[in-house]
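K.L.:
Build me a model:
(chains A, B, C, D, E and F)
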Number of protein chains: 6
Amino acid sequence: MLDLASASWTDVREHIAAGNTIAFLPFGALEQHGPHLPLSTDTIQCAGIAARVAEHFSGLLLPPVPYGETWDNGGFPGTISLSASTVTAICLDIATSATSFGVTTLVIVNGDYGNRAPVHAAARQLSIAGSDAIVLDYPGLVEVGDAIKESPWAAPGLCHADELETSMVLALRPELVHPERYAAAYPELPADFGRRPIRFDTLSPSGVFGDPRPSSALKGEAILSFVVERSIAEVDAHLGAIGAR
Amino acid sequence: MLDLASASWTDVREHIAAGNTIAFLPFGALEQHGPHLPLSTDTIQCAGIAARVAEHFSGLLLPPVPYGETWDNGGFPGTISLSASTVTAICLDIATSATSFGVTTLVIVNGDYGNRAPVHAAARQLSIAGSDAIVLDYPGLVEVGDAIKESPWAAPGLCHADELETSMVLALRPELVHPERYAAAYPELPADFGRRPIRFDTLSPSGVFGDPRPSSALKGEAILSFVVERSIAEVDAHLGAIGAR
Amino acid sequence: MLDLASASWTDVREHIAAGNTIAFLPFGALEQHGPHLPLSTDTIQCAGIAARVAEHFSGLLLPPVPYGETWDNGGFPGTISLSASTVTAICLDIATSATSFGVTTLVIVNGDYGNRAPVHAAARQLSIAGSDAIVLDYPGLVEVGDAIKESPWAAPGLCHADELETSMVLALRPELVHPERYAAAYPELPADFGRRPIRFDTLSPSGVFGDPRPSSALKGEAILSFVVERSIAEVDAHLGAIGAR
Amino acid sequence: MLDLASASWTDVREHIAAGNTIAFLPFGALEQHGPHLPLSTDTIQCAGIAARVAEHFSGLLLPPVPYGETWDNGGFPGTISLSASTVTAICLDIATSATSFGVTTLVIVNGDYGNRAPVHAAARQLSIAGSDAIVLDYPGLVEVGDAIKESPWAAPGLCHADELETSMVLALRPELVHPERYAAAYPELPADFGRRPIRFDTLSPSGVFGDPRPSSALKGEAILSFVVERSIAEVDAHLGAIGAR
Amino acid sequence: MLDLASASWTDVREHIAAGNTIAFLPFGALEQHGPHLPLSTDTIQCAGIAARVAEHFSGLLLPPVPYGETWDNGGFPGTISLSASTVTAICLDIATSATSFGVTTLVIVNGDYGNRAPVHAAARQLSIAGSDAIVLDYPGLVEVGDAIKESPWAAPGLCHADELETSMVLALRPELVHPERYAAAYPELPADFGRRPIRFDTLSPSGVFGDPRPSSALKGEAILSFVVERSIAEVDAHLGAIGAR
Amino acid sequence: MLDLASASWTDVREHIAAGNTIAFLPFGALEQHGPHLPLSTDTIQCAGIAARVAEHFSGLLLPPVPYGETWDNGGFPGTISLSASTVTAICLDIATSATSFGVTTLVIVNGDYGNRAPVHAAARQLSIAGSDAIVLDYPGLVEVGDAIKESPWAAPGLCHADELETSMVLALRPELVHPERYAAAYPELPADFGRRPIRFDTLSPSGVFGDPRPSSALKGEAILSFVVERSIAEVDAHLGAIGAR
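P.N.:
Take a look at the predicted model:
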C-alpha cells in the first residue's frame, strides 16, 4: 500500500509501474457524534478501513476528504456540510486526475450517510463515461453490529455515536474519546423516519442515537476487521466481474 | 485554539460561547514536490501555519482540505487537481455551515498557487453577500525567503520543492523528507513564465525549481515564524478594519 | 380523487377548497420490457398505483411523466432515457407550481429504478426548503412477490419483464401484452451486479430477467392491491409524523 | 405509425429496420383552459395532431410530454409550469436517446405557447450539433381559424379556451368538455399585450379569451385536418431540403 | 437624452433625479454583412435607432453591446458569435445594475436576428422577477422596406447587406460603406428556410441576400425615421399599459 | 492593423491570409470615475492602448467590450457591473469564434481591476484547452506613474480618476473631461484595503482617489506610450516563448 499523503511523486510512479493501479478514496465528514466522540469520527473510520483494504490490494491510498454532506446534523455547532453537488464534483475531479496517471479502478470508501447519494452519482457518471469506479458503504456493518452490540439499535440499522461507532474510534483513535461523557439516548423516531430529511437535533438533544457505554476497543477492532473483510470481498468480486483479476 | 477534527460538538459550542468566533481553513493540495518531498507538502505547510495563527486568536481550526487546483503539476504521477469551480464550492459550503453555528470571520489559509484565483473568488462572493471572509497567501514568504535562503530562487519569487519549501517540511514533518534524494534544478523558464499556464513537467523533469540541499529544520522554523507573524498582522488589520477588534 | 388531466381549473379550485391538498405524481419511464410488454410498462404501473392511492386520500392525481432515467436499458431500441438532472428538475418545477395553488404534500410514486436517485434528490431538496415531499418506491413489492411468484427471481429482488411485472400489466392494460412472445431468461449476473451501472443488453439479449409465463391478471391484481395498501400506510405514517393527520 | 407507449422494443427495432426513422414528440402542457375544458387541453391537441402526422409518415410516435412552460396561466389552480430550461432539457435528452437507436429526424409537435422559446432553443442546439430536429407550431391554425370561427378572436391570432380550442377538444375527447359551463370572455388587453409576460388571471377571471359557444366537433375536425395537412407539408419541405426525401 | 459612455456618474445622478428613468440598451453584433458593409453594421443600426428613441424619451442611452449571437454567419471570417446564454446573462447583469441606481424600465433595442431568443428570454425573466424590461425588434422595418425598397426581398422579410441595410449604414456611417463592392445576390433558399439553423455561407458565398445597388442615404434616413417612430409608439404603449405614463 | 468594427468580412479574410493572426480584445467597463471623467474611462483607455499595440503587430482589433465587472463602484449611479462569470463567458465565446476563422493568439487588453480575475480565468481555460490567450493588465503603469505623477498616489499603486487616469483621457478623448470639476480626494483606507471587497462609495463620496488637478494630455501621452511599449514587449516575449516569432 502506498499512502499518497506521505509519498513523493516518484514513489507513485514506481508503485504504479509495479502494476498497483487501484486507488482508495476515503470520503468522510465533519459531523457531530455526541459529546464523547470527535467531529471527525466518520473520517477516522473510513480512513482506517480504506487503509486496511488498500493494504490488502497493494493499492494507492488517497488522503481522506474530511468534509461531507451532512445536512441532517446541521443543527449542532461544529458540523460542516458540503452540498451534494460539491461532493460529486470532488469525486469526479479526483477520478479524472487519478486516471491521468494510471489508476484503473477508483474505490470510494464512504464514511457518511449523507454522502451516499452524491458519491454513488459520481461513480455512476464515471462508469458510464468508461472510467471504473465503485463505492463501499461499510459492507457487513449491520450484520457485525447485530452480532457484537450489547446495547439495542436506536432503530433497525440506525446507530450514531453509539456502542458501534464509539468502539471503532476506541480502536483507531482512543485518545479522542471521552468516556466520562458517555450517555445513552434512544430518541422516539417519527413513523416515517428515513423517508424524509429530518434534522437530528429535533430528535436527540445530545446527538446520540444508541448507547455508547458498552463500547470497547476490542469490539471496535472486531467490527473493523469484519467490514474490512467484506470490503475486500466486494472489491474482489468487482475486479473479477470487470475482468481485472 | 480548538482543533475541530479532534473536538466534539459540545466543545465547539463552548468555544464559541466564550466568544471565539474566528475560524481558520487551511486549503492545501496533493501535488508533486520533487522526489524528496511528500505530495501533501502544501497541505502540511498551510495546516501548520493555520494552527499557529489560530492559536494566537483562540480560533477554530478546521480540518485542512488535502486537495487543490494544481493543473500546472498535472504531468507528475500522484498529483490530483480539483477544478477551480470545485475549490470555490468547497469554500462557499464550508462558510455557509460555519456561519450557521456562529463563526463570524473565515480565514482561508491558502497553501497552493493554483488555489489562489478560486479561493479569492469564494472570499469575494462571501464578502459581497455579507459573510466575512479573507484569504492569507503566505504573507512575508518572499521577504523571509530573501533573508534566509542560501540558494538562489528559480525565478524571482518562484520556489518549488527548493530550500524554502524543504526547510518548512523539515520543521513540520521531518520524517516525510528524503534528503538522500536532494537534487537542485534551475530550469530555463520561458520569457512569459507566470503569464500563461505551463505544465511544469515540460520545464523540470524532477519537479524541482531551486535547490533543496541547503535546507534545514531551523531555517524552516524561522520561515514559518515569520509568515505566522505576518499572517497574524494581516488578520489583526482586517479585524480592526471591520470593527471586530 | 381528482384526475388533473381531465379536470378543469375550477374543479381543482373546488377540490382544494374542500381540504384535499395531497397531490400524487406518477413518475414512469419509456423503457424496454422484453418483446411481450410495452415500453410504457413502468408508467402504466406507477400510474395505476398512484390512482388508487390518490383515491384513498381524495387526492389530486397529476398526469404521469412518461419518461425517466433508464440508462441501463439504453441498448434496446425504443428506450428513451432522461438524464438524472432533468428528472430532478421536473419534480422541482411541478412541486413549485403545485405548492403555489395549495398543494401541501407531494407524493412522488416512482415507477422506475433509474429514477430513484434523482427523485429522492428532488424530494430532499424540497423538504429542506420547507416544501413537503415524499417518494414511494413500490413498498411491499418484494414481499408480495415472494408470496405470489411461482417462478424464481432473476436475482434477489430483481425482476424485469417477468411474472411479476407482466401480471401487473395484465391487470391494468391487458391489451398491450403479447403472451405469444413470452420467453423466460435468467441471465448470469456479474458478481458485483447492482453496485455499478451495467447495460442490460450485455446481460439479456431479450431484455427479460425472469419468467413471464406463469403471469396472470389475478396475480397482478393481488400484487397491486398489496403495494397500494403499503403505499397508503406509508403516506399515513408520513402525514401523522408531520402532524397533517 | 408506431405508438411507442404501446409498442415493445422489438416492435421499434422492426419499424426502424423497415426504414421508418422519423419520430414525433408532442409537447403539451397542464394549463388552465377555462371552466369547460380540461387542464390537458394542449396535450390532447398536440398529441392528436402528432398521431395523424406520424401516421402519414409511418413514423414513431413518442408519448406526449404532459407538462410545459406556462407561467402566464400560473394564477389558476391546476396549472403546472415547467421552467424553460427543463423543457429544453427534456427535448435534448429525448433526442439523444432517439438518435442512439436510429431516429434520423425528430419533429417536436408543440402544443403550448410558452414552450415555443425553449423547444426552438432545443431544436437549434440539436441542429447545430448535427442532429436533425424541427418544431411544428400548429401551422395554418390562424388561417383555418379565420375561415371557420364564427366568434371573433380575443385579439388577432389570440384564442384560449375559445371556439377554436373547444372545437378541437370536442373532436378529440368530447367526454372532457363541459358545454354547460360555456361562457364568452373578451378581456380588455393592454396595448403592449404579447410584448411582455402578463399573468392571464389579471386579464380574464375565467381564463377564457374568446367565445366557446359556437364550438362543434365538426369544426374541430376541420381545424385539425387543416393543421395536419400543413404540418405534413412543412415536414415534407424539411425532408426535401435536407435531402432525406 | 444622456449618453452614458460620455457622461460622468454625477450627470447620471442628476438625469435620474429629474425623473428620466428609462434606459435604452442597443444590442448589436459583429457579423458579416457582405464585402461592402462593416462587420459592425447591426451595432451601428441599433445604436442609431436607440439614440433617437432615447432622445424622444429623455432617456439614458447605454453603450451598445458590439457582439451578439450570430451562429448563422459563423462561416465568414470576422464574425464573432456569443452563445445565447451569454447574451441573456449580459442583459440580466446590466438590468440588475441599472435597477440599482434608479432605472425603472429597460428597453433593449435589438439589432441582430440571432439575439432575439436570448434577449427576449432575458426580458421575460426580468419581468417575471418584477423588473420592467421590453425588447424592440426594429418595429415597422418590413412595412417600410416594402414601401421604399426598389429591389426585391431575398425572401419575404429577409434582407441582409441589401438595399435596406446598406441604406441605413449610408445614413449613419457613410464612410464605412464600399459602393465599389456592391453586388446583388439572390440565393436559392431551402424550402424550410427559417425553420432550422442554416449557415449562410452554404447559401450565399458573398454573404449578401438582396441587392445593395439601389441604396441611398436618403432611403436610409426614411427607413430609420419610420422604425424610430414605431419604436416610440411601442414604448409609449408599454409605458401606458404599466401605468408609467 | 485592421479595426474589425469598420472592416468587412472580406477585409478580415485578406488580413489573415497575409499572415496577421493576432487579435486584440480591449475589455473595458462602464464605471464611475469621479465627476470629471466619463463612465467609459476604462474602455477609452484600454481601447486606445489596444489599438496602438495592434498597430505594432499588424493585428486584428476587436471592438472593445464596454462593460466589465465593477462591483466596487456599484454605489455610484451609472456604474453597470457584469458578474464575473459573464465576463469569462464573453472572452470564451469571442475566442472560440476568433479561432474558427484563423486567429492564433488572443490578447485581452484589460482596462478594469474587477475584470482581472474573470479574464485571467478565461485565458487560463483557453490555454489549457490548447487555444493561445494572454492578458495584459497595463504593464508598466505603476512604474510610469511613479515617474510622471506630481500628485501622490491614494495608496501604493492605487489611482482612480486621479492625475494618471485623467491625463490618459485628456490624451485620448479630451472633449469628455470636465476640468472645472477637478477635486482631489485622499480617502482614509482601511488597514486591509485590497484584501476584501469594499464599496468605494463608503470611502470616497466623489469616487476620486487621488488628485486630477495636475493632469495634462502631454502626461497622458507619455503614460500611454510607456504602457504600449511594455505591452508590446510582453506580447513579443510570449510569441517568442510559444515559438510563434
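K.L.:
Now the spatially closest residue to residue A:191 that is not a sequence neighbour: which helix or strand?
P.N.:
Spatial nearest neighbour of residue A:191, excluding adjacent residues (CB to CB, 6 or more residues apart in numbering or on different chains): residue C:237 at 3.7 Å. Using the backbone N, CA and C atoms, a C-beta is placed for each residue, glycine as well. Under the criterion of DSSP states H and E, residue C:237 resides in helix C:217-241.
K.L.:
how about the helices in chain A?
P.N.:
Per DSSP state H, chain A carries helices over the ranges A:9-17, A:41-56, A:84-100, A:116-128, A:141-148, A:163-172, A:217-241.
K.L.:
can you redo those helices as a markdown table with mean neighbour count and mean pLDDT?
P.N.:
What follows is the helices of chain A, written out as a markdown table (neighbours: other CB atoms under 10 Å in any protein chain shown; pLDDT from 0 to 100):
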| stretch | mean neighbour count | mean pLDDT |
| --- | --- | --- |
| helix A:9-17 | 19 | 98 |
| helix A:41-56 | 24 | 98 |
| helix A:84-100 | 22 | 98 |
| helix A:116-128 | 21 | 96 |
| helix A:141-148 | 16 | 97 |
| helix A:163-172 | 25 | 98 |
| helix A:217-241 | 19 | 97 |
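K.L.:
got the contact list for the one residue sitting closest to the centre of chain A?
P.N.:
In chain A, the centroid-proximal residue (CA atoms, centre = their mean) is residue A:111; its distance is 1.7 Å. The contact partners of residue A:111, by CB atoms under 8 Å, 6 or more residues apart in numbering or on different chains, come to A:26-29, A:42-43, A:45-47, A:49, A:64, A:68, A:138.
K.L.:
Could you check how many residues crowd around residue A:19?
P.N.:
9 (other CB atoms under 10 Å in any protein chain shown).
K.L.:
so how far is chain D from it?
P.N.:
36 Å (CB to the nearest CB, to the nearest Å).
K.L.:
Residue A:121 contacts residue C:83, correct?
P.N.:
No: judged on CB atoms under 8 Å, residue A:121 makes no contact with residue C:83 at a distance of 11.3 Å.
K.L.:
need the helices of chain A in TSV with distance to residue E:218, can you?
P.N.:
Listed next are the helices of chain A as TSV, based on distance: least, CB to CB, whole Å:
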stretch	distance to residue E:218
helix A:9-17	73
helix A:41-56	78
helix A:84-100	59
helix A:116-128	62
helix A:141-148	86
helix A:163-172	86
helix A:217-241	79
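K.L.:
Which of those sits closest to residue D:206?
P.N.:
Residue D:206 lies closest, by CB to CB, to one member of the helices of chain A: helix A:84-100, at 43.3 Å.
K.L.:
Can you name every helix or strand that the closest one contacts?
P.N.:
Applying 3 or more CB pairs under 8 Å, 6 or more residues apart in numbering or on different chains; DSSP states H and E, one finds that helix A:84-100 contacts strand A:22-27, strand A:105-110, helix A:116-128, helix B:84-100.
K.L.:
among the helices of chain A, which is nearest residue D:213?
P.N.:
Per CB to CB, nearest to residue D:213 of the helices of chain A: helix A:84-100, 52.8 Å.
K.L.:
Pick out the residue of chain A closest to chain E.
P.N.:
The minimum distance from chain A to chain E, using CB to the nearest CB, falls at residue A:85 (19.0 Å).
K.L.:
Now do the contacts for that residue.
P.N.:
A:118, B:89.
K.L.:
and if we set it to 10 Å?
P.N.:
By CB atoms under 10 Å, 6 or more residues apart in numbering or on different chains, the contact list for residue A:85 reads A:69, A:118, A:121, B:86, B:89, B:93, C:85, C:121.
K.L.:
how close does it sit to residue C:85?
P.N.:
Distance of residue A:85 to residue C:85, computed by CB to CB, to the nearest Å: 10 Å.
K.L.:
likewise residue A:123?
P.N.:
16 Å.
K.L.:
With residue A:220 instead?
P.N.:
For residue A:220 relative to residue C:85 (CB to CB), the value is 40 Å.
K.L.:
do residue A:84 as well
P.N.:
Counting by CB to CB - residue A:84 and residue C:85 are separated by 12 Å.
K.L.:
could you list every residue that touches whichever residue of chain A sits closest to chain D?
P.N.:
Chain A approaches chain D most closely through residue A:128 (12.8 Å), counting by CB to the nearest CB. Taking CB under 10 Å, 6+ apart as the contact definition, residue A:128 lies against C:71-72, C:74, C:196-197, C:199.
K.L.:
Same question for residue A:106.
P.N.:
Counted by CB under 10 Å, 6+ apart, residue A:106 has contacts A:22-25, A:60, A:62, A:91, A:94-95, A:98-99, A:122-123, A:126, A:131-135.
K.L.:
repeat that for 6 Å
P.N.:
A:23, A:95, A:98, A:133 (CB atoms under 6 Å, 6 or more residues apart in numbering or on different chains).
K.L.:
If we ignore the residues flanking it in sequence, what's nearest the third one?
P.N.:
Nearest residue to residue A:98 in three dimensions, chain neighbours excluded: residue A:23, at 5.2 Å (CB to CB, 6+ apart).
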